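A structural model of the following input is requested.
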Amino acid sequence: MNNDNPSIVFNPLISCIQKVVLYETRTRLYLVGSNNRESRFRLLTIDRLAHNRLSIEENANEFNSLEIRRFVASLTGSPKVTSAYGVLGFVRFLEGYYLLLVTKRKCCAHIGRHLVYTIKDTVMVRVNEVTSQRPPHPHEDRYKKMFQNIDLSSNFYFSYSYDLTRTVQYNESAPRFVGAKVDLDRDEPLPDWNSLTNNVAQANEQVDYAFRSDSRKRFVWNAYLLQPMEGIMLKDWLLEVTHGFVSQSCISIFGRHVYVCLIARRSSRFAGTRFLKRGANFQGDVANEVETEQIVSDGQRMCAFTQMRGSIPSHWSQDISKMVPKPQIQLDICDPYSQTPSRHFERLLFHYGAPVIMLNLVKKRERRKHESIISKELECSIRYLNQFLPPAHRMKHIHFDMARQSRLSGGNVMEQLAIHAESIVQLTNMFFKAPGSDLSLQTGIVRTNCVDCLDRTNSAQFAIGKCALGHQLERLGFVKSAKLEFDSDCVTMLENLYEEHGDTLALQYGGSQLVHRIKTYRKTAPWGSQGSDVMQTISRYYSNTFSDTEKQHSINLFLGIYKPTLNKMGQPILELQSDYDTNSTFVPSTDSQPLTDWVRHKVRECLPHSCADSHKLVKELFRVHSSGLEMIDAYSNYHQSFKWTDFSEHIAFEISQLAMRYMPTFRTNYSPFQRQIQTSRQARQNPSMTGHSSTSSLNSNSSSSSEGDDSSSDEELSASFAEKEANLSESAEPAAFTLASVLPSMEQVYGCTISPPSKQSMAIYKKYVQMGKLSSGGARPAQTAVAQRDQELAKIMRGITLRPLSDYGTDSYLSVMPPVVPRQSLLIYADYCRSRTTFNAVPKLEEFDVLYRYVQKL
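Down below sits the predicted model:
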């Protein structure tokens with residue numbers, strides 16, 4: 001995007017700090033950072049004697065391995081050594097600072113040649129030494145334990161060379177602005193890349209640029225922890241992490257691997273737990289906002305589709321003081337001019353373009369108004385704001401009552417969602433980039449919501465993702481039709497990805513795994529999974545009632561929303577009734593812009609394209625004169641050719657092995673796009689509340705629920721599901737397996753077939769076998785007369801003519817006559833033997849012409 005010149009290549013900078021070693025002495029902390037090869041080193045020194053303040057000294061020089069070994073040897077005493085893979089930042093509660101380091105990591109995915117890691121373990125080191133004799137503050141340890149309740153080893157991700165906070169479409173766009181603080185309305189953009197000459201000798205000579213991406217702070221979860229390090233000159237020390245879900249699998253298309261990666265980015269704005277974070281704040285930040293990107297790549301070509309989920313952008317909440325499963329929904333603030341929704345939708349238009357499509361899954365018809373309250377509020381906001389948008393770029397609202405559709409007799413929700421998904425993908429398109437092909441961009445986004453944005457939302461996002469995957473594979477040329485069949489290897493793989501995706505996001509926001517799953521709405525879940533549903537319901541209710549408040553305090557402390565202070569006016573976090581004042585502070589607007597002009601002029605100019613992608617901002621941009629420099633060498637960073645690597649340690653090999661678990665044992669067709677016979681297998685393990693695996697089954701139906709948006713349809717859905725399962729059990733038994741049904745025929749594979757021999761051929765074969773027995777003496781006793789043997793042999797040979805294939809003359813195993821070598825051949829061999837000393841000599845000048853013409857013909 002912004003660059004149609006294939007000769008200009010933009011390469012993201014690869015961090016030169018990928019390994020960190022901490023040396024602790026009594027007076028100082030020494031952080032030694034190195035690149036992946038451990039050939040270049042940097043040094044940070046932290047003073048531990050500075051009382052209640054952070055003193056960081058950066059050494060501007062770069063060290064080699066010999067110099068850094070001499071420095072470590074010069075340290076007095078026996079310093080404590082801690083090996084790590086990055087610095088998460090610093091945090092201060094009431095007394096002194098703490099340093100957070102990533103001590104264990106695991107590669108979980110790759111985007112092109114960029115590796116993505118998940119944090120597996122961290123360490124928290126106290127920076128300031130306690131010098132006074134007075135006892136520590138009684139709340140210090142309490143805040144520390146509360147901070148450590150955020151499990152950094154669960155669903156936190158980072159990359160040394162790829163900006164995980166941005167979409168593929170944004171990362172592949174050409175830079176237009178450079179700098180930390182840029183005003184898009186006033187500052188001048190960079191010149192058009194298509195019109196630059198680049199000062200090259202040849203017209204098509206490749207020009208390489210290196211850039212440092214400007215991350216989207218909304219998805220950076222340790223931004224508050226990195227604030228004390230903002231003054232550091234080398235920005236590679238700053239390791240930004242995201243929170244959400246990242247998983248990757250692959251499809252084997254007759255031996256060719258196509259990788260499917262699912263990335264979910266959870267917003268750090270207005271973040272929290274289920275009942276404590278509802279609706280939106282005055283800045284337009286909504287609860288449970290997650291951006292999900294589906295990336296399909298075959299190595300050279302890449303195709304991506306982005307969608308998102310989030311709570312309805314209005315001021316609404318549910319009273320949790322009464323211990324009931326479904327607290328009543330209430331509107332807290334009347335917003336007649338839709339100022340809060342306008343700020344939210346304007347941000348979507350800025351980052352994703354038009355159209356913005358709202359897929360609303362909330363109920364509309366209810367005996368007692370509950371969900372319909374916020375559904376009506378959303379419709380009124382969209383209708384009002386659309387008046388001030390151009391007709392071509394107006395927001396679209398699609399209402400789909402999944403609970404009502406599930407109650408209908410024979411209503412398959414996924415089939416009806418597929419119709420809406422097809423129209424959505426056609427409207428928004430998707431990002432596609434391949435060498436020699438035209439660039440395709442996604443314009444607009446689909447925003448899915450229900451009440452909690454958990455169960456129904458995840459099933460709807462899977463339906464959209466399934467439709468998008470069909471179009472992605474069609475764009476890549478692997479399928480002729482974009483329609484993919486359920487129960488095929490391809491769709492089964494995607495369904496498992498979205499099941500893990502939904503379970504992880506549900507644990508982060510709701511406190512339990514999904515209750516209603518994709519199989520529930522497909523009506524293919526086993527009837528015996530009711531026990532699992534009950535356990536998930538109880539787990540969610542317990543978490544929401546007893547542990548969500550403490551979890552919310554931990555999130556606010558980690559994100560810096562609440563900052564502990566020794567001031568007497570500062571109230572301890574445990575004594576706060578709610579965090580409404582810190583998350584929903586109303587700031588009156590000083591802008592004289594009318595409320596009807598809720599979309600900025602710069603955003604309107606770019607529609608339907610994304611203003612953020614069209615005006616990409618980077619922190620640094622400079623030209624490099626070689627694509628093999630370590631700072632942009634993605635090939636070496638991915639393959640790590642400088643060290644021995646086991647196959648099991650390589651992410652591509654691991655993903656290809658993990659993908660085999662989706663494949664059935666017995667197959668009737670080897671195509672991953674055709675429906676396969678699914679055998680009963682043990683359900684895959686799901687992530688638990690700490691991000692690790694649990695033994696809970698993925699399968700569930702709707703017999704019970706704690707999510708308010710599905711509970712009213714439980715009895716009807718269960719009854720229809722039981723009737724369907726009873727009908728399926730009475731169906732005819734499947735046909736037995738045969739060799740012809742399991743394996744392809746020989747004629748299909750080799751072009752020939754095996755058939756019974758004719759009578760004439762069989763007679764010749766019998767004579768041949770008998771003749772072999774006579775010649776070896778096995779058919780008759782050893783004392784059989786020679787004359788009798790000759791008679792029988794003559795009888796067998798009647799009508800058979802044996803023709804020798806070669807004439808060996810008088811040669812036998814006893815003696816062989818050597819062949820006659822012509823004189824000319826002997827002379828050639830003699831010349832060859834004489835030229836052995838000069839065989840490796842440099843060719844003569846007149847011979848170069850002949851060699852050059854020969855090489856050109858290869």
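
what ranges do the helices span in the stretch 1-150 of the chain?
Using DSSP state H, counting those that start in this stretch, the helices of the stretch 1-150 of the chain run over 65-73, 140-148.

Just put the ones you listed in JSON lines and tack on mean neighbour count and distance to A287.
(Each C-beta comes from the backbone N, C-alpha and C, glycine too.) JSON lines is the format used below for those (neighbours: other CB atoms under 10 Å; distance: least, CB to CB, whole Å):
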{"stretch": "helix 65-73", "mean neighbour count": "12", "distance to A287": "47"}
{"stretch": "helix 140-148", "mean neighbour count": "16", "distance to A287": "21"}
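
and D548, which of these is closest to it?
Minimum separation from D548 across those (CB to CB) falls at helix 140-148, 14.0 Å.

if we can go back for a sec, can I get the helices of the stretch 1-150 of the chain in CSV with mean pLDDT and distance to P594?
As requested, the helices of the stretch 1-150 of the chain are arranged in CSV below (pLDDT from 0 to 100; distance: least, CB to CB, whole Å):
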stretch, mean pLDDT, distance to P594
helix 65-73, 94, 61
helix 140-148, 92, 44
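
Let me have these in JSON lines, extended by distance to Q387.
As requested, these are exported to JSON lines (distance: least, CB to CB, whole Å):
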{"stretch": "helix 65-73", "distance to Q387": "65"}
{"stretch": "helix 140-148", "distance to Q387": "47"}
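
looking at these, which is closest to I56?
Closest to I56 of those is helix 65-73 (CB to CB; 17.3 Å).

May I have the closest one exported as PDB, CA atoms only?
Extracted C-alpha coordinates of helix 65-73, given in PDB (Å, rounded to 0.1, in the frame of the first residue of the first chain):
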ATOM      1  CA  SER A  65      32.400 -10.900  23.300                       C
ATOM      2  CA  LEU A  66      36.000 -10.400  24.600                       C
ATOM      3  CA  GLU A  67      35.300  -7.000  26.000                       C
ATOM      4  CA  ILE A  68      32.100  -8.100  27.800                       C
ATOM      5  CA  ARG A  69      33.900 -11.100  29.300                       C
ATOM      6  CA  ARG A  70      36.600  -8.800  30.700                       C
ATOM      7  CA  PHE A  71      33.900  -6.600  32.200                       C
ATOM      8  CA  VAL A  72      32.100  -9.500  33.900                       C
ATOM      9  CA  ALA A  73      35.400 -10.700  35.300                       C
END
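
Which elements pack onto the strand ranked longest in the chain?
If you go by DSSP state E, the chain has its longest strand at strand 97-111. Helices and strands touching strand 97-111, as assessed by 3 or more CB pairs under 8 Å, 6 or more residues apart in numbering; DSSP states H and E, comprise strand 19-24, strand 80-84, strand 86-92, strand 114-126, strand 242-253, strand 256-266, helix 651-658.

Go through these and name the closest to F462.
So among these, strand 256-266 is nearest, using CB to CB, at 10.4 Å.

Whichever helix or strand comes after that closest one vs strand 242-253, what angle?
Going down the chain from strand 256-266, the next helix or strand is strand 290-297, by DSSP states H and E. Put simply, strand 290-297 runs at 30 degrees to strand 242-253, going by axes from the mean of the first three to the mean of the last three CA atoms, to 10 degrees.

strand partners of strand 290-297, parallel vs antiparallel please.
strand 256-266 (antiparallel), strand 302-309 (antiparallel) (DSSP bridges).

could I get the helices and strands packed on strand 97-111 as TSV with mean neighbour count?
Shown next, in TSV, are the helices and strands packed on strand 97-111 (neighbours: other CB atoms under 10 Å):
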stretch	mean neighbour count
strand 19-24	19
strand 80-84	15
strand 86-92	22
strand 114-126	18
strand 242-253	22
strand 256-266	21
helix 651-658	16
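
Include distance to A280 and mean pLDDT when you put these into JSON lines, please.
Below are the helices and strands packed on strand 97-111 laid out as JSON lines (distance: least, CB to CB, whole Å; pLDDT from 0 to 100):
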{"stretch": "strand 19-24", "distance to A280": "39", "mean pLDDT": "96"}
{"stretch": "strand 80-84", "distance to A280": "38", "mean pLDDT": "95"}
{"stretch": "strand 86-92", "distance to A280": "28", "mean pLDDT": "95"}
{"stretch": "strand 114-126", "distance to A280": "30", "mean pLDDT": "96"}
{"stretch": "strand 242-253", "distance to A280": "19", "mean pLDDT": "93"}
{"stretch": "strand 256-266", "distance to A280": "16", "mean pLDDT": "95"}
{"stretch": "helix 651-658", "distance to A280": "38", "mean pLDDT": "80"}
